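Enquirer: for reference, the sequence and a predicted model appear below.
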Amino acid sequence: MCGVFGIHGHEEAANLAYLGLHALQHRGQESSGLVAGDKALRREVAMGLVSDVFDEKVLARLPGAAAIGHTRYSTSGSSELRNAQPFLFDYAGGSIAIAHNGNLVNIDELRSRLEAAGSIFQTTSDTEAIVHLMAKVPEFDPVVRLTHALRQVEGAYSLVILTDGKLIGVRDPHGFRPLVIGRLKDSYVLSSETSAFDLIEAEYIRDVEPGEIVVIDERGLSSHRVVATEPEPAQFCVFEHVYFARPDSLVNGKSVYRARERMGKRLAIEQPAEGDVVIAVPDSGVPAAIGYAAQSGIPFEMGLIRSHYVGRTFIEPQDSIRHFGVRLKLSPVRSVVDGKRVVVVDDSLVRGTTSRKIVKMLRAAGAREVHLRISAPPTTHPCFYGIDTPNRSELVAASHTVDEIARYVTCDSLGYLSHEGLMGAVGGSSATATGGGYCSACFTGNYPVPLGRRQNGALVPLRRTTV
């Protein structure tokens, strides 16, 4: 669920890209990187948070009027420095820097074919395959090279690219991952979320369309297509609305905050509970809890306080960190929950271990009853398009009933939002129970892009390489 950012036409491009990455830090905490320049490109990447990687001295080494940045959370490729993005390569077409949000589902096939033809990979990231494919196209124009390359890849990708004085933004034909266009005076900006625009005071213009390539240079912005045919049916990741995006962002043209609030209201209708107080699991559960309280008439209070010096436990790369982080991250407010029937609203329940710890903390703080409400459907299938949900065997809802999960997490009752309720909350009347315009494979198992590769006419299952 990495964050990508790009800016073109500003004398302080690297500094603004640094700020943009700050606003996207929630999307990845493993490594941070920037590439900046005009014709000559320079790269600075390191493991760690944006504020730890960059300071005035580092940013001073990145002159130029264009820059791209990346903050990483690994799904394909190991969590190590060689996989930190943006990548910077030199090839016959010149220098090219690339940052990627998403996963390619045919990467095994691509790597095998490229290696058989002589390509030597420097990383284990699927992103590198795109550059190798570009290098094999006998054309000078980078957009032509990119178009030929992208017609050979399958899966999810939102890309920002710097090459030949151009800033390029791309979304895959299904539009799985977000990418938006903004304007800062005479400069254009690309970002995973509009929250980065708010920080640098850029104006949101529009989303990059699914299957669109936008090219920004000294002449302005032009639009191209990955394929000349009609675009694929939109399949925007619904989990962006549920969890990943910041509540102050617009994603897929809609307010994340309002969508989560509507989820909470619908949840209160579908899964009512008799309680004295509604509390949220912060931060992403807060808007849904506010909606639940407003719909149910049960007062909302802050019953769990989050330490903002601890990262998001869902995206920590190691189980040991994730499990330890729950107690370090959240603390119950005894005066709010003591002696009360507490309705706890959270955005998702993946493995169940975090929810179990939260319920036990609330009981230890004096809660008389704990009713857990989840503002999304049960997560029953892994994601192969850029979210590091575990293998299906680790997803508690894939093999247990709601009652069994409730007993495991030790809550008095458990209720999920229905798939239809979620789609109505994020898409309004245009969304249906089948998920019009959205990918919800993690809840349904209906994968829009086949998970495998063709070999002698047969579909070979995808080998999942997440960390």
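Expert: Cool, got the structure.
Enquirer: domain map for the chain?
Expert: Domains of the chain are assigned by automatic domain parsing as 3-235, 255-437.
Enquirer: first-to-last residue distance for the shortest one?
Expert: When the termini of domain 255-437 are compared using Cα to Cα, to the nearest Å, they are 16 Å apart.
Enquirer: can you redo the domains of the chain as a markdown table with mean neighbour count?
Expert: C-betas here are computed from N, CA, C, even on glycine. As requested, these are arranged in a markdown table below (neighbours: other Cβ atoms under 10 Å):
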| stretch | mean neighbour count |
| --- | --- |
| domain 3-235 | 20 |
| domain 255-437 | 20 |
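Enquirer: and of those domains, who's closest to residue 242?
Expert: domain 255-437 (4.7 Å; Cβ to Cβ).
Enquirer: picking that back up, determine which of the domains of the chain approaches residue 247 most closely.
Expert: Once those are compared by Cβ to Cβ, domain 255-437 is nearest, at 4.1 Å.
Enquirer: which stretch in the domains of the chain is the model least sure about?
Expert: Lowest mean pLDDT of the domains of the chain: domain 255-437, a mean of 89.
Enquirer: ok so, going back, which among the domains of the chain is found nearest to residue 246?
Expert: domain 3-235 (4.5 Å).
Enquirer: and that closest one, how far from the chain's centre?
Expert: Averaging C-alpha positions (Cα atoms, centre = their mean, to the nearest Å) puts domain 3-235 15 Å from its chain's average.
Enquirer: returning to that earlier point: looking at the domains of the chain, which is closest to residue 245?
Expert: domain 255-437 (4.7 Å).
Enquirer: name whatever forms a beta bridge with the residue lying closest to residue 240 once chain neighbours are set aside.
Expert: Excluding the flanking residues, the one nearest residue 240 by Cβ to Cβ, 6 or more residues apart in numbering is residue 251, at 5.0 Å. Taking DSSP bridges as the rule, residue 251 bridges to residue 254.
Enquirer: what of residue 344?
Expert: residue 279, residue 372.
Enquirer: what's the spacing between the residue nearest to residue 240 and residue 147?
Expert: For residue 251, the distance to residue 147 (Cβ to Cβ, to the nearest Å) stands at 26 Å.
Enquirer: same thing with residue 259?
Expert: For residue 259 relative to residue 147 (Cβ to Cβ), the value is 33 Å.
Enquirer: same question, residue 99
Expert: Residue 99 is 18 Å from residue 147, by Cβ to Cβ.
Enquirer: just residue 376 next, same as before
Expert: In terms of Cβ to Cβ, residue 376 sits 36 Å off from residue 147.
Enquirer: using the three-state scheme, assign the spatially most distant residue from the centre of the chain.
Expert: The outermost residue of the chain, judged against the average C-alpha position, is residue 339 (38.2 Å), by Cα atoms, centre = their mean. On the three-state scheme (DSSP: H, G, I helix; E, B strand; the rest coil), residue 339 is labelled coil.
Enquirer: does it touch residue 366 like I think?
Expert: Yes - assessed by Cβ atoms under 8 Å, residue 339 is found in contact with residue 366 at 5.8 Å.
Enquirer: could I get the full set of helices for the stretch 101-250 of the chain?
Expert: 107-116, 127-135, 142-150, 195-200, 239 (DSSP state H, counting those that start in this stretch).
Enquirer: which residue sits closest to residue 364 in space, ignoring its chain neighbours?
Expert: Nearest to residue 364 is residue 332, by Cβ to Cβ, 6+ apart, at 7.6 Å.
Enquirer: relative to residue 282, how far out is the one you found?
Expert: Distance from residue 332 to residue 282, by Cβ to Cβ: 12 Å.
Enquirer: hey, what's in contact with both of those two?
Expert: 304-305 (Cβ atoms under 8 Å, 6 or more residues apart in numbering).
Enquirer: can you give me the strands in the stretch 151-300 of the chain?
Expert: 158-163, 166-171, 180-184, 187-191, 203-207, 212-217, 220-225, 236-237, 250-251, 254-255, 277-280 (DSSP state E, counting those that start in this stretch).
Enquirer: distance to residue 327 for the ones you listed - can I get that in a markdown table?
Expert: Listed next are the strands of the stretch 151-300 of the chain as a markdown table, based on distance: least, Cβ to Cβ, whole Å:
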| stretch | distance to residue 327 |
| --- | --- |
| strand 158-163 | 35 |
| strand 166-171 | 39 |
| strand 180-184 | 36 |
| strand 187-191 | 34 |
| strand 203-207 | 38 |
| strand 212-217 | 45 |
| strand 220-225 | 48 |
| strand 236-237 | 30 |
| strand 250-251 | 31 |
| strand 254-255 | 32 |
| strand 277-280 | 17 |
